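1. Sequence and predicted model, in that order:
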Amino acid sequence: MTKLSGKQPLYSQLFDVLRDGIQSDMSPGDLLPSERQLSERYGLSRTTVRLALERLESRGLIHRRHGKGTFVADARHSAADLSLCYSFTDEMRALGRVPSTRILGFAEKEANKAVSSALGLHLGTHVYDLYRLRLADGVPMLAGHTYLPMRPFPGLSQKIASERPLYDILEHEYHQQIATAEEEIRAGCARPSDAEQLGIPAGAPMLEIARVTRNVAGDVIEYTQSVARADKFKYHVVHSRV
């Protein structure tokens with residue numbers, strides 16, 4: 001039996017040990033020891049072992065199959081590439097997944113300083129606030145508030161927004177030809193409200209994404225603030241000096 005010792009909580013120490021073992025000595029698809037085996041090996045309670053495994057799963061390092069065990073995940077293929085993710089729906093379909101959207105809220109509201117600045121509107125101008133949870137194969141991937149100026153999109157409603165992908169609506173119903181989508185991505189930790197929506201522990205790593213979309217005339221037609229599960233996305237960039 002291997003004993004853990006140190007100032008960190010025991011589940012955190014076990015997480016570090018298992019993570020290091022996965023990254024240095026294991027391959028995608030390898031089977032991990034069972035909870036009982038890990039409990040006996042490290043002299044820990046099953047609850048402590050379970051907390052460490054949940055943390056590994058929230059980082060995208062393992063996945064569990066009911067009745068079969070816990071396996072090392074293949075992060076290269078399980079994560080969506082944010083650099084390609086102009087359209088969440090299209091990107092998920094390209095990966096062979098089934099995308100879906102839950103509308104968590106829709107309202108007309110006064111733009112705050114950040115929203116008005118991003119959209120190029122006067123402070124307090126009324127905008128649409130569309131709050132959505134995006135899923136793939138039923139698994140929460142990202143949640144975010146999309147702010148739209150009201151003038152280009154008269155009559156937009158929750159019912160209309162729920163009928164098909166937003167960009168389809170903007171392009172086909174409102175004849176807005178999208179030219180560019182500029183994003184800023186930061187690393188962060190999940191707040192309790194975000195964690196609840198995304199199905200991850202509070203404090204787990206996540207990505208904070210701000211997107212500004214312009215039409216061919218150069219007008220800003222969308223500003224979105226999203227939070228995404230860090231274990232479900234990757235960012236792939238190729239740099240060239242040629």
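-> Nice, I can see it.
2. use CA for all of it now, contacts and neighbours both
-> Will do.
3. Show me the contact partners of the longest helix along the chain.
-> Determined from DSSP state H, the single longest helix within the chain is helix 10-25. By Cα atoms under 8 Å, 6 or more residues apart in numbering, the surrounding residues in contact with helix 10-25 are 4, 6, 44, 48-49, 51-53, 55-56, 61, 72.
4. let's see 6 Å
-> 48, 52 (Cα atoms under 6 Å, 6 or more residues apart in numbering).
5. Tell me the first helix or strand C-terminal of it.
-> For helix 10-25, the following helix or strand on the C-terminal side (DSSP states H and E) is helix 35-42.
6. The next helix or strand after that next one: how far from the chain's middle?
-> Next in sequence after helix 35-42, counting helices and strands by DSSP H and E, comes helix 46-58. How far helix 46-58 lies from its chain's middle: 21 Å, per Cα atoms, centre = their mean, to the nearest Å.
7. So which elements touch helix 46-58?
-> Secondary-structure packing of helix 46-58 (3 or more Cα pairs under 6 Å, 6 or more residues apart in numbering; DSSP states H and E): helix 10-25.
8. Give the buried residues for the helix it packs on.
-> 10-15, 18-19, 22 (16 or more other Cα atoms under 10 Å).
9. what's the closest non-adjacent residue to Tyr128?
-> In space, and not counting its chain neighbours, Tyr128 is closest to Glu108: 4.7 Å by Cα to Cα, 6 or more residues apart in numbering.
10. what are the phi and psi angles of the one you found?
-> phi -100, psi 130 (degrees, to the nearest 10).
11. count of neighbours near it?
-> As a burial measure, Glu108 scores 16 neighbours (other Cα atoms under 10 Å).
12. That one and Ala210, how far apart?
-> Here Glu108 is placed at a distance of 20 Å from Ala210 (Cα to Cα, to the nearest Å).
13. so where's this protein uncertain?
-> Scanning the chain with the threshold set as pLDDT under 70 gives 1-3, 5-7, 59, 75-86, 94, 235-242.
14. how does it divide into domains?
-> Following the TED database, one gets these domains for the chain: 10-72, 88-229.
15. Who does Met206 form a beta bridge with?
-> Judged by DSSP bridges, the bridge partners of Met206 are Gly188, Arg229.
16. for it, what are its contacts?
-> Shown in contact with Met206 (Cα under 6 Å, 6+ apart): 188-190, 228-230.
17. Which one (most neighbours) among those residues?
-> Neighbour counts for the contacts of Met206 peak at Arg229, which has 27 neighbours (criterion: other Cα under 10 Å).
18. Tell me how far that residue lies from Ile103.
-> 18 Å.
19. and what of Gly124?
-> Taking Cα to Cα, one finds Gly124 at 24 Å from Ile103.
20. Which of the three states applies to Arg211?
-> At Arg211 the chain is in strand, as set by DSSP: H, G, I helix; E, B strand; the rest coil.
21. Run a quick neighbour tally on the residue nearest to it when sequence neighbours are not counted.
-> Distances taken as Cα to Cα, 6+ apart place Glu183 nearest to Arg211, at 4.4 Å, with adjacent residues excluded. Number of residues near Glu183 (other Cα under 10 Å) recorded here: 16.
22. name the element Glu183 belongs to?
-> Following DSSP H and E, one finds Glu183 within strand 178-189.
23. Tell me which helix or strand comes right after that strand.
-> Later in the chain than strand 178-189, the nearest helix or strand by DSSP H and E is helix 192-198.
24. Using CSV, write out every CA atom in that following helix.
-> Taking Å, rounded to 0.1, in the frame of the first residue of the first chain, the C-alpha atoms of helix 192-198 are listed here in CSV:
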residue,chain,number,x,y,z
PRO,A,192,-20.7,28.2,-9.3
SER,A,193,-23.4,29.4,-11.7
ASP,A,194,-21.3,28.5,-14.7
ALA,A,195,-20.3,25.2,-13.2
GLU,A,196,-23.9,24.3,-12.7
GLN,A,197,-24.8,25.0,-16.3
LEU,A,198,-21.7,23.2,-17.8
